[in-house]
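Novice: Only the shape, not the letters, is given here:
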């Protein structure tokens, strides 16, 4: 079973971060490949399908992350109780988040109408819009399963087990790749379903992942964390976990909503511009892997040390994680610059898309190291329970800085695709400075979860 670790030196903190983050990097790679597999296969169907899956995926994630981010608050509560040595209470928090995931699932019934209104407002290319709506309407069936997976992974990361989430993630990717091959192109007696087949393949993969996650958690940790005894959480309990979890969901969904709008605006520049941006975004997700892994590991350790009343270690691990995140992502930024000309050829043979992808990749190379600080400091603040602050800054930054900057540069000043991506860079640099300042001031140290 997982043992409570409390490293006391900088070297010990680095080792513990690496121990937790390394499997999560591989898990994030698997999660990225869930989307990249759809992009890879659909790039061989048509340019319209390639652009549509990028736009639809951003739309889907916007609403999916609102719910998944809320459930991901399990890590904050479980890690705090784990650090305090109260394993049964950690188990009860996990159960509460499982129940919460079932309570919020019916919200998906309202999403198809919202998606149609969103397209009516932004008026992307009609062919892209039709394919995107088909894809996203099917992917909605994935959400109930992904919420259960999120609760299980939040519990596992909170107690310091990042290896099992890695295994679960790769299992889903392998199943998804096989299902995509069969359903998109039509093999083994199945009809060729195109973009709909890509969506159904992902739904099936996540459903299998959810069943496996629940079985593993209850089989391995049921007795130790008192998971066998169930009781419905009180409304007060749901209110408490919602105050921490919901802002995390809003944070992620607001940022994704802004990026969905970003891609919708790019679609107005042309299909090639949208396809190139989608390719660059998928490849850039590789750079986010060490950053997000270190963010999750840092947040888990911050919560754990706060539960153990080791606030000096919570602060130290935040700075340590940010330095490591900046270093890892900065290195990948260099790789983006060096191999920018080769990236587009992996996904398409269209020469215009390949050249535009090269331009975008070189722009993205400049901000990778700074984004490492941004991602990890936000994770550290979330781990401490300072989720309402991260929600406020991300929401304001997304809609008062990011989208206005993109529109002004791309359309108002006529800079086009380059201007759109300059707006994204400005947004990332701005909120990164704010999160660093918040962590440095240390007001998060006084936050109580109950």
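Specialist: Alright, I've got the coordinates. As the structure is a computational prediction, the values presented were derived from the model and not from experiment.
Novice: What segments of the stretch 51-200 of the chain are helices?
Specialist: When secondary structure is read from DSSP state H, counting those that start in this stretch, the stretch 51-200 of the chain shows helices at 74-83, 87-104, 111-122, 126-139, 143-158, 163-185, 195-221.
Novice: cool, and the stretch 301-450 of the chain?
Specialist: Taking DSSP H, counting those that start in this stretch as the test, the helices found in the stretch 301-450 of the chain are 311-338, 340-347, 351-365, 368-383, 387-396, 403-407, 416-441.
Novice: helices or strands up against the fifth one?
Specialist: It stands for helix 387-396. helix 235-267, helix 368-383, helix 416-441 (3 or more CB pairs under 8 Å, 6 or more residues apart in numbering; DSSP states H and E). C-beta here means a position set from N, CA and C on the backbone, and glycine is covered the same way.
Novice: Buried ones in the last one, by neighbour count?
Specialist: When you say that, I think you mean helix 416-441. Within helix 416-441, the residues scored as buried using 16 or more other CB atoms under 10 Å are 417, 419-432, 434-436, 438-439.
Novice: related to what we said a few turns ago, make TSV out of the helices of the stretch 301-450 of the chain and add distance to residue 153 and mean pLDDT.
Specialist: As requested, the helices of the stretch 301-450 of the chain are exported to TSV (distance: least, CB to CB, whole Å; pLDDT from 0 to 100):
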stretch	distance to residue 153	mean pLDDT
helix 311-338	19	91
helix 340-347	29	80
helix 351-365	28	86
helix 368-383	15	91
helix 387-396	18	94
helix 403-407	31	93
helix 416-441	23	91
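Novice: mind checking which of the ones you listed is nearest residue 261?
Specialist: Closest to residue 261 of the helices of the stretch 301-450 of the chain is helix 403-407 (CB to CB; 5.7 Å).
Novice: what about residue 229, how many neighbours?
Specialist: Close neighbours of residue 229, defined as other CB atoms under 10 Å, add up to 10.
Novice: what do you get for the one 3 residues further on?
Specialist: Applying other CB under 10 Å, we find 10 residues neighbouring residue 232.
Novice: Relative to residue 164, how far out is the nearest residue to it once chain neighbours are set aside?
Specialist: Residue nearest to residue 232 in three dimensions, not counting chain neighbours: residue 99, with 7.0 Å by CB to CB, 6 or more residues apart in numbering. Separation of residue 99 from residue 164 (CB to CB, to the nearest Å) stands at 22 Å.
Novice: Settle it for me: which of those two has more neighbours?
Specialist: residue 164 (19 against 16).
Novice: How many residues are close by the closest residue to that one other than its chain neighbours?
Specialist: Excluding its sequence neighbours, the residue lying closest to residue 164 (CB to CB, 6+ apart) is residue 156, at 5.3 Å. Residues near residue 156, counting by other CB under 10 Å, number 27.
Novice: Could you measure from residue 156 over to residue 423?
Specialist: Distance from residue 156 to residue 423, by CB to CB: 37 Å.
Novice: Identify the residues contacting residue 287.
Specialist: By CB atoms under 8 Å, 6 or more residues apart in numbering, the contact set of residue 287 is 329, 332-333, 336, 364, 368, 371.
Novice: what about 6 Å?
Specialist: Neighbour list for residue 287: 329, 332, 368 [criterion: CB atoms under 6 Å, 6 or more residues apart in numbering].
Novice: hang on, the last one packs against residue 329?
Specialist: So that's residue 368. Yes. Here residue 368 reaches residue 329: they are 4.4 Å apart, a contact under CB atoms under 6 Å.
Novice: Name the residue in the two with the higher neighbour count.
Specialist: Applying other CB under 10 Å to residue 368 and residue 329 shows that residue 329 carries more neighbours, namely 27 against 24.
Novice: give me the low-pLDDT residue ranges for the stretch 101-250 of the chain?
Specialist: Where the stretch 101-250 of the chain drops to pLDDT under 70, the residues are 122, 124-125.
Novice: one step back: am I right that the residue nearest to residue 164 is in contact with residue 165?
Specialist: Yes. Proximity of residue 156 to residue 165 meets the contact threshold set by CB under 6 Å, at 5.5 Å.
Novice: quick one: contacts of stretch 144-163?
Specialist: So stretch 144-163 is in contact with 2, 20, 23-24, 67-68, 71-72, 74-75, 78-79, 82, 94, 97-98, 101, 105, 164-165, 206-207, 209-210, 213, 217, 296, 300, going by CB under 6 Å, 6+ apart.
Novice: Among the residues you listed, name the buried ones.
Specialist: Using 16+ other CB under 10 Å, the buried ones in the contacts of stretch 144-163 are 20, 23-24, 67-68, 71-72, 74-75, 78-79, 82, 94, 97-98, 101, 164-165, 206-207, 209-210, 213, 217, 296, 300.
Novice: So residue 223, which state does it fall into?
Specialist: For residue 223, the assignment made with DSSP: H, G, I helix; E, B strand; the rest coil gives coil.
Novice: Next one: it from residue 88, what distance?
Specialist: Applying CB to CB to residue 223 and residue 88 gives a distance of 11 Å.
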